[in-house]
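**Student:** Got a predicted model here, sequence first, then my questions.
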Amino acid sequence: MRTALNLLNKIVELGYDQQKALIQIDKILDKKLGIEGRKPLSDEELSDMIYDDILVFFKKKQEKTR
């Protein structure tokens with residue numbers, strides 16, 4: 001599994017602002033995982049499915065703005 005921090009770094013590499021991406025990732029993860037029991041980004045392991053779903057979300061968002 002990959003961490004939420006890995007995901008944030010990957011999204012920033014796509015050209016997104018780190019703070020804005022972090023806020024969006026947190027909102028998505030709160031909905032998918034619930035607010036209770038969330039860990040720090042570096043420790044929060046994400047399933048491949050969740051990781052890939054969020055990454056695709058940002059890639060599609062990026063394509064729309066081009």
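**Tutor:** It's in.
**Student:** got a list of what the residue nearest to the spatial centre of the chain touches?
**Tutor:** With distances taken as CA atoms, centre = their mean, the residue of the chain nearest its centroid is Ile25 (3.9 Å). By CB atoms under 8 Å, 6 or more residues apart in numbering, the contact list for Ile25 reads 4, 7-8, 11, 54. (Glycine included, C-beta is placed from N, CA and C.)
**Student:** Okay, and it sits in which element?
**Tutor:** helix 18-33 (DSSP states H and E).
**Student:** any idea how far that helix is from the chain center?
**Tutor:** 6 Å (CA atoms, centre = their mean, to the nearest Å).
**Student:** for Ile11, helix, strand, or coil?
**Tutor:** helix (DSSP: H, G, I helix; E, B strand; the rest coil).
**Student:** Confirm for me that it is in contact with Gln19.
**Tutor:** No: counting by CB atoms under 8 Å, Ile11 does not reach Gln19; the two are 11.6 Å apart.
**Student:** out of the two, which sits in the busier spot?
**Tutor:** Under the criterion of other CB atoms under 10 Å, the comparison of Ile11 against Gln19 puts Ile11 first, with 24 against 9.
**Student:** List the contacts of Leu8.
**Tutor:** Contacts of Leu8 (CB under 8 Å, 6+ apart): 18, 21-22, 25, 41.
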